[in-house]
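Asks: below is the sequence, then the predicted model.
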Amino acid sequence: VKNILRVNMPDIVTLPQHFKNHGYITCGMGKVFDGRTVDQKHDAVSWSEHPVQKLEVDSRGLGIRGYQNPELQRQIAQAMQTSNGKHIPTPPEESCNGPDNIYYDGAMARTAVKKIKEYAKQPKPFFLAVGFFKPHLPFIAPKKYWDLYDRKSIELASNQLFPNNSSPQSNVFPNSGELRDYAGIPRTGLISQSKQRELIHGYAACVSYIDAQIGMLLETLRENQLTQNTIICLWADHGWHLGEHGHWGKSTLYEDATRIPLIIYTPRVGERTRTTSLVELLDLYPTLCDLAGLPQPKHLHGNSLLPLMHDPLAQVHEAVISQSSTVDSQMSNQLVGGKIDEQAPINSHMGWALRTEQYRYIEWRHTVLHENTRFFDSAPVGIEFYDYESDTHENQNLANEISYADIIHHHQALMDRLLPHLPKRRCRE
């Protein structure tokens, strides 16, 4: 893997590393960093303790590839003997009876509980990062969480068509490459309504499963009298399409893939507040520094969200940015069922989405990825613009509407200011 964090940025100070440098015990478990971008110790310099590997697993173990169904385990084991390293399609969902820790996230939650109890007995402050995997594919969770929902009553996405007049670069997304690598999912084309309901059911079950694990951690904090001096931050790394725009998965530049849950608790702010103000994940690092009374490193790009905790009508961003590539996502036909030669230059398209209070501006440019460097063209090859006041579900691309020309130019100027490293925009001849 070329994008190892410490190869590209050897001296960068990560969030847990910053807390470690200021006297905190730092410990991580699960999906905190993307495992493809760090060393085998999950970026060893970030942690005062080795990342947790041994989990509080039920006696039956974590199964094969996380699956607990005995017959499925037998089939997977048999296929692995003859696969010669090739991909083995497995089901996109599973529901089995048993305690929460028959699956990975339940085992991790119980391990985190032990860590909280351990840290509660010593005087040093602690930074505990718990990276749950669900509701990522495959949608596997104990049966009791599936039983919370009636599949027949599950509503399907109302906007399963691609936006009118959308750019060709966005058309790679409905390929839903990640999902289509699972068994029982057609390689191309529409997914049946019955399978859609099954997938949404699985996603909902996984969300409830993780809710229960988070509840266990919160209860442990209360039982150990830690809630009055502990900051709690809950967030996700991306959103997820469940059939919207015909897509199943992440990595688009639309609202469903770029909007996430974000909840911050701090004893410093007594009254519960909710805000619709624009924020970015880059804001979490400076926010946690402010809440813990630590200095903010100079390399940070985000803004502290502390003003929003005191005034939910405040504004910390005029616009927020999301970015995705047609190669880096698993949406491209180049990545479904095949491999890319990483030694050769990779031609793709990079897209940026600029979200303001009412609008979404998307711009695509031709991009060449060679080793660790990306080369961006200066001419957009695709532009999309959506007005959420008149089009909540992003069904109509307004980029060519003359009545929106001025506001589109305003968003382009915002993008130029927020992304100064890009070549100056020029019109394609």
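Replies: Structure's in. What do you need?

Asks: which other helices and strands does the longest strand anywhere in the chain contact?
Replies: Secondary structure assigned by DSSP state E gives strand 373-387 as the longest strand of the chain. Applying 3 or more C-beta pairs under 8 Å, 6 or more residues apart in numbering; DSSP states H and E, one finds that strand 373-387 makes contact with strand 346-355, strand 359-370, helix 405-418. C-beta coordinates here come from the backbone N, C-alpha and C atoms, glycine included.

Asks: between the ones you listed, which one is closest to residue 56.
Replies: Residue 56 lies closest to strand 346-355 among the helices and strands packed on strand 373-387, at 39.9 Å (C-beta to C-beta).

Asks: that closest one: partners in the sheet, and parallel or antiparallel?
Replies: Sheet pairing for strand 346-355, assigned by DSSP bridges, gives strand 320-325 (antiparallel), strand 359-370 (antiparallel).

Asks: redo the helices and strands packed on strand 373-387 as JSON lines? Include mean pLDDT and distance to residue 312.
Replies: What follows is those, written out as JSON lines (pLDDT from 0 to 100; distance: least, C-beta to C-beta, whole Å):
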{"stretch": "strand 346-355", "mean pLDDT": "89", "distance to residue 312": "18"}
{"stretch": "strand 359-370", "mean pLDDT": "90", "distance to residue 312": "21"}
{"stretch": "helix 405-418", "mean pLDDT": "97", "distance to residue 312": "23"}
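
Asks: re earlier: let's have the strands paired with strand 346-355 in JSON lines, adding mean neighbour count.
Replies: JSON lines is the format used below for those (neighbours: other C-beta atoms under 10 Å):
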{"stretch": "strand 320-325", "mean neighbour count": "20"}
{"stretch": "strand 359-370", "mean neighbour count": "20"}
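
Asks: just checking, next helix/strand downstream of the host helix or strand of residue 178?
Replies: Following DSSP states H and E, the helix or strand that holds residue 178 is helix 177-180. Going down the chain from helix 177-180, the next helix or strand is helix 193-223, by DSSP H and E.

Asks: for the record, mean pLDDT for that following helix?
Replies: Mean pLDDT, helix 193-223: 98.

Asks: for stretch 108-122, same thing?
Replies: Stretch 108-122 shows a mean pLDDT of 97.

Asks: going forward, count from 775.
Replies: Sure, I'll start numbering at 775, so the last one becomes stretch 882-896.

Asks: what residues sit buried inside it?
Replies: Across stretch 882-896, burial judged by 16 or more other C-beta atoms under 10 Å covers 882-887, 889-890, 893.

Asks: cool, and stretch 849-857?
Replies: Neighbour count says stretch 849-857 has 849-850 buried, by 16+ other C-beta under 10 Å.

Asks: alpha carbons of it, as CSV, please.
Replies: Provided in CSV are the C-alpha atoms of stretch 849-857 (Å, rounded to 0.1, in the frame of the first residue of the first chain):
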residue,chain,number,x,y,z
GLN,A,849,-19.5,-23.4,2.6
ILE,A,850,-17.0,-20.5,3.1
ALA,A,851,-14.3,-22.9,4.5
GLN,A,852,-14.8,-25.3,1.6
ALA,A,853,-14.6,-22.5,-1.0
MET,A,854,-11.5,-21.1,0.5
GLN,A,855,-9.7,-24.4,0.0
THR,A,856,-10.1,-24.1,-3.8
SER,A,857,-10.3,-20.4,-4.4
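
Asks: any idea how far it is from the chain center?
Replies: In this view, stretch 849-857 has its centroid 31 Å away from the chain centroid, taken as C-alpha atoms, centre = their mean, to the nearest Å.

Asks: measure residue 1053 to residue 1143 for me?
Replies: 29 Å (C-beta to C-beta, to the nearest Å).

Asks: for residue 844, same thing?
Replies: Distance, residue 844 to residue 1143, using C-beta to C-beta: 43 Å.

Asks: residue 1010 now?
Replies: Remark: distance between residue 1010 and residue 1143 (C-beta to C-beta) = 26 Å.

Asks: residues contacting the residue lying closest to residue 1032 once chain neighbours are set aside?
Replies: The shortest distance from residue 1032 to any non-neighbouring residue, by C-beta to C-beta, 6 or more residues apart in numbering, is to residue 1096 (4.3 Å). Under the criterion of C-beta atoms under 8 Å, 6 or more residues apart in numbering, the neighbours of residue 1096 are 1027, 1031-1032, 1126-1127, 1129.

Asks: of those, closest to residue 1161?
Replies: Distances from residue 1161 to those, taken by C-beta to C-beta, are shortest for residue 1129, at 12.3 Å.

Asks: which residue, other than its chain neighbours, is closest to that closest one?
Replies: residue 1094 (5.1 Å).

Asks: what of residue 1024?
Replies: Using C-beta to C-beta, 6+ apart, the closest residue to residue 1024 is residue 1012 (4.6 Å).

Asks: what's the local residue count around the one you found?
Replies: 17 (other C-beta atoms under 10 Å).

Asks: that one: what's it in contact with?
Replies: Here residue 1012 is in contact with 1024-1025, 1031-1032, 1034 (C-beta under 8 Å, 6+ apart).

Asks: so which of these are in helices?
Replies: Applying DSSP state H to the contacts of residue 1012, the entries found in helices are 1031-1032.

Asks: so which of the contacts of residue 1012 wins on neighbours?
Replies: When neighbours are counted by other C-beta under 10 Å, residue 1025 leads those with 26 neighbours.

Asks: read off the pLDDT value for that residue.
Replies: Residue 1025 carries a pLDDT value of 84.

Asks: and the buried residues of stretch 882-896 as CSV, adding secondary structure and distance to residue 921?
Replies: Below are the buried residues of stretch 882-896 laid out as CSV (DSSP: H, G, I helix; E, B strand; the rest coil; distance: C-beta to C-beta, whole Å):
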residue, secondary structure, distance to residue 921
882, helix, 23
883, helix, 20
884, helix, 22
885, helix, 26
886, helix, 25
887, helix, 24
889, helix, 30
890, helix, 29
893, helix, 35
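
Asks: okay if I get those residues as CSV plus distance to residue 980?
Replies: Formatted as CSV, the buried residues of stretch 882-896 follow (distance: C-beta to C-beta, whole Å):
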residue, distance to residue 980
882, 14
883, 14
884, 18
885, 19
886, 18
887, 20
889, 23
890, 23
893, 28
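
Asks: got the buried residues for the helix or strand of the chain with the lowest mean pLDDT?
Replies: Sorting the helices and strands of the chain by mean pLDDT, DSSP states H and E puts helix 779-782 at the bottom, at a mean of 84. Using 16+ other C-beta under 10 Å as the test for burial, helix 779-782 gives residue 779.
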